[in-house]
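> have a look; sequence and predicted model below, questions after that.
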Amino acid sequence: MIIKDVVLSKGLTGFYFDDQRAIRQGNFTENGFTYDGVPVTPGFVKIRQAGESVSIQLILEDGQVAYGDCAAVQYSGAGGRDPLFLADTYIPQIEKYVVPKLVGRKLTSFRELAEEIDALKNGEGKHLHTAIRYGVTQALLDAVAKSRHLTMAEVIVEEYGLELVPEPVKIFAQTGDDRKNNADRMIIKHVDVLPHGLFNNINKLGKQGEHLRSYLAWLKQRVQELRVDDDYVPDFQVDVYGTIGEAFNNDVVEIGEYARQLAELVAPHRLAIEGPVDCGSKEEQIKVMAALREYVDRHNIPVQFVADEWCNTLEDIKEFVDAKAGHMIQIKAPDLGGINNSVEAVLYCHEHDIVPYLGGTCNETERSAQITVHIAVATRPRQILSKPGMGVDEGLSICTNEMNRLVALLKSKAR
């Protein structure tokens with residue numbers, strides 16, 4: 001089976017690009033759903049602007065169409081990430097550097113094709129934008145699966161020598177700023193892991209973390225009020241974007257003891273804290289995250305710290321894992337470029353006793369979310385992110401329905 005043609009189209013993501021540095025600095029005023037203020041990250045013309053994507057459709061010789069979506073994270077340009085992914089800027093690069101590599105290409109191994117595309121460079125000798133590599137490798141996985149009449153999950157299992165486990169993976173949903181109404185939505189639908197919370201500046205967290213503390217107390221009570229089944233005890237995971245470190249001057253002992261308070265408060269729910277610190281560089285981030293893990297483990301504090309910031313590439317993830325810089329690693333799929341890197345990252349975490357969380361961003365598309373589900377069922381991370389969007393219901397239905405369809409189909413094949 002060969003690729004006869006490549007069709008590109010501009011699209012919208014499920015959320016927005018936000019200038020994280022401007023938001024963290026607090027030099028803005030909220031204006032409805034947007035922010036008034038001067039952006040500080042290169043490429044931004046506003047602090048919040050529309051998210052963009054590019055769809056890659058591969059036309060196969062038998063008429064089938066395989067596709068994936070190029071997309072980048074909400075906080076593009078921050079924490080060492082690639083710049084804003086604007087469709088009109090990057091479609092010409094796809095046409096120039098990628099399309100000639102694909103048209104007429106025989107579909108052999110997904111793994112080999114993905115590694116080749118992921119290694120492509122532009123005329124300046126630099127790797128193509130992570131969003132391009134992300135979307136093109138999605139389309140290649142779909143194309144190889146269609147050529148073999150398999151699911152995408154089965155292709156990954158076969159090519160990486162994994163065991164096929166036709167069972168769902170936990171889903172972690174995110175509230176955005178509407179952290180109470182959206183938490184209600186999650187509880188009503190019995191989401192596995194919640195709420196995210198978006199505590200992305202010190203005013204939301206509280207100068208000494210008091211707002212997060214009161215929110216978690218409310219959340220625990222709300223689960224008890226709204227759950228239909230008393231056996232429903234979801235895990236809690238909050239994303240704090242380094243603000244706990246800001247509140248406690250990155251002091252490991254103070255952060256650890258604050259985490260103890262939160263963990264005791266939410267029990268019997270398990271607690272994970274994502275991005276407790278943002279130290280401004282990968283080296284310092286690894287050092288402090290490793291110290292935080294060591295402290296809470298040594299003092300039997302029942303919390304998991306999740307690495308996110310400065311942990312962007314497969315190589316970064318390996319460095320964090322090797323240093324035990326956190327208990328869990330968010331494998332933020334769009335940041336890794338080719339989805340082959342996400343596969344490798346999950347497997348590396350498994351091999352080194354670190355919990356893999358196959359994440360991403362609200363700023364993806366329904367297609368990249370569906371393909372993430374296949375990667376997850378094949379590689380078995382602890383959880384995946386519900387995406388795209390911040391409205392809960394839409395992303396949750398996309399991921400849940402794709403997961404349930406896939407699992408049911410795999411079980412049917414096994415029979």
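Arrived safely, thanks for sending.

> got a list of what the residue nearest to Lys282 when sequence neighbours are not counted touches?
Leaving aside its sequence neighbours, Lys282 sits nearest to Trp310 (Cβ to Cβ, 6 or more residues apart in numbering; 4.3 Å). For glycine as for every other residue, the C-beta is placed from the backbone atoms N, C-alpha and C. Residues near Trp310 by Cβ atoms under 8 Å, 6 or more residues apart in numbering: 79-80, 278-279, 281-282, 285-286, 316.

> what about Trp310, distance to Pro83?
17 Å (Cβ to Cβ, to the nearest Å).

> and if you look at Asn31?
According to Cβ to Cβ, Asn31 and Pro83 sit 25 Å apart.

> Ser342 too?
For Ser342 relative to Pro83 (Cβ to Cβ), the value is 21 Å.

> these two: who's more crowded?
Between Ser342 and Pro83, counting by other Cβ atoms under 10 Å, Ser342 is the more crowded of the two (30 against 14).

> isn't there a strand covering that one?
No: Ser342: not assigned to a strand; according to DSSP: H, G, I helix; E, B strand; the rest coil it is helix.

> so who does the nearest residue to it once chain neighbours are set aside touch?
Distance criterion Cβ to Cβ, 6+ apart; nearest residue to Ser342, sequence neighbours excluded, is Ala333 at 4.7 Å. By Cβ under 8 Å, 6+ apart, the residues touching Ala333 are 134, 339, 342, 358-360, 368, 372, 375.

> starting at the chain centroid, how far to the helix or strand of the chain with the lowest mean pLDDT?
Within the chain, no helix or strand scores below helix 20-25, which has a mean of 83 by mean pLDDT, DSSP states H and E. Here helix 20-25 is found 20 Å from its chain centre; the criterion is Cα atoms, centre = their mean, to the nearest Å.

> packing partners for the host helix or strand of Lys411?
For Lys411, the host element (DSSP states H and E) is helix 393-414. Packing contacts for helix 393-414, counted by 3 or more Cβ pairs under 8 Å, 6 or more residues apart in numbering; DSSP states H and E, involve helix 152-160, strand 170-172, helix 366-379.

> if we go to 6 Å?
Packing contacts for helix 393-414, counted by 3 or more Cβ pairs under 6 Å, 6 or more residues apart in numbering; DSSP states H and E, involve helix 366-379.

> and the helix it packs on with helix 152-160, angle?
Using axes from the mean of the first three to the mean of the last three Cα atoms, to 10 degrees, the direction of helix 366-379 lies 50 degrees away from that of helix 152-160.

> adjacent strands (with direction) for the following helix or strand past helix 366-379?
Tracing the chain past helix 366-379, the next element assigned as helix or strand by DSSP H and E is strand 383-385. Under the criterion DSSP bridges, strand 383-385 sits next to strand 170-172 (parallel), strand 355-359 (parallel) in its sheet.

> one step back: next, the residue nearest to Lys282: phi, psi?
Phi and psi for Trp310, reported as degrees, to the nearest 10, are phi 70, psi 10.

> now do it, the pLDDT please.
Per-residue pLDDT puts Trp310 at 91.

> please report how far it lies from Gly242.
Taking Cβ to Cβ as the measure, Trp310 falls 10 Å from Gly242.

> for Ile339, same thing?
Taking Cβ to Cβ as the measure, Ile339 falls 27 Å from Gly242.

> isn't Gly43 right up against Leu84?
Yes: in this structure, Gly43 is within contact of Leu84 by Cβ atoms under 6 Å, at 4.0 Å.

> settle it for me: which of the two has more neighbours?
Leu84 (22 against 16).

> got the contact list for the more buried one?
17, 43, 76 (Cβ atoms under 6 Å, 6 or more residues apart in numbering).

> done for today, thanks.
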